[in-house]
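Asker: please find the sequence and the predicted model below.
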Amino acid sequence: MFDGFHALLPVTGCLAIELVSLRWRGVRVFPDWTLPVVALFGVLPDLCSPHLSLEDRYESWSHTLLFLVLLLPVCAGMTWWFPKGTRLRVAVVGWVAAALHLAADAVSGGVPWLLPWSEEPIGDYHIQPDDWLFYDSGFIVLALVGWWLRHCLEGQAFERSLKNEKAGPL
Ligand SMILES: [Zn+2]
């Protein structure tokens, strides 16, 4: 899959979580800068071992289970500059973004999950390369709609909090 999809799939997922939370609880789930970090982790496997051909992907150390395991402390460590109380959820969505990258590549050609123990790629072309651009475009639209809806719901939540403040104890 292309990196637009890899970046925006987890971003769209985070926005969906935010929309549900804003709608029902009136608060956001993730701190500022979560979405760019999640997008970065979504493309991280390709940044760590850039490749163009499927054969190169089959030799990529960053498309393996071992990479996902090694990424756990990286995800935990990178959250130090996020506010306390939000770090665990940022670490989790960062790691999930990278895991989703591998899962998406597994259904669009396969990845060498078990390197260095086995060179056999696992997966297949369930999503054909001809369709990848369609997925990229779709998730660009979904992310933009999610971003816009979050902005609207945040405004509504802010107005509600002002009203509640006014109607509060005298
Ligand atoms: Zn990849």
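Answerer: Looks like it came in fine. Residues are numbered from 1 along each chain as shown.
Asker: and this protein, which residues reach the ion?
Answerer: Residues of the chain lying close to the ion by C-beta under 5 Å from the ion are 45, 46, 105. For glycine as for every other residue, the C-beta is placed from the backbone atoms N, C-alpha and C.
Asker: of the residues you listed - the most surrounded one?
Answerer: Counting neighbours by other C-beta atoms under 10 Å, residue 45 comes out on top of those with 27 neighbours.
Asker: spit out the contact partners of that one.
Answerer: By C-beta atoms under 8 Å, 6 or more residues apart in numbering, residue 45 lies in contact with 6, 60, 62, 63, 67, 98, 101, 102, 105.
Asker: now, among the residues you listed, which is nearest to the ion?
Answerer: residue 105 (4.4 Å; C-beta to the ion).
Asker: run through this structure and note the low-pLDDT ranges.
Answerer: Counting by pLDDT under 70, the chain has low-confidence residues at 169-170.
Asker: quick one, helices of it?
Answerer: In the chain, helices defined by DSSP state H lie at 3-24, 34-48, 54-57, 65-77, 87-106, 132-166, listed in chain order.
Asker: for these, give me a markdown table that also has distance to residue 112.
Answerer: Shown next, in a markdown table, are the helices of the chain (distance: least, C-beta to C-beta, whole Å):
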| stretch | distance to residue 112 |
| --- | --- |
| helix 3-24 | 17 |
| helix 34-48 | 11 |
| helix 54-57 | 8 |
| helix 65-77 | 10 |
| helix 87-106 | 10 |
| helix 132-166 | 20 |
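Asker: nearest to residue 123, of those helices?
Answerer: With C-beta to C-beta, the closest approach to residue 123 among the helices of the chain belongs to helix 87-106: 3.5 Å.
Asker: contacts for the closest one, please.
Answerer: With C-beta under 8 Å, 6+ apart, helix 87-106 has contacts from 1, 5-6, 9-10, 13-14, 29-31, 34, 37-39, 41-46, 57, 63-64, 67-68, 71-72, 75-76, 78-80, 82, 111, 113, 122-123, 127.
Asker: please repeat the previous calculation with a cut-off of 6 Å.
Answerer: Defining contact as C-beta atoms under 6 Å, 6 or more residues apart in numbering, one finds that helix 87-106 is touched by 1, 6, 9-10, 14, 34, 37-38, 41-42, 44-45, 63, 68, 71, 75-76, 79, 82, 111, 123.
Asker: kindly report the same for stretch 113-125.
Answerer: Contacts to stretch 113-125, defined as C-beta under 6 Å, 6+ apart, come from residues 58, 64, 65, 106, 109, 110, 111, 112.
Asker: what of stretch 58-72?
Answerer: For stretch 58-72, using C-beta under 6 Å, 6+ apart, the contacting residues are 45, 48-49, 51, 57, 95, 98-99, 102, 111-113, 115, 121.
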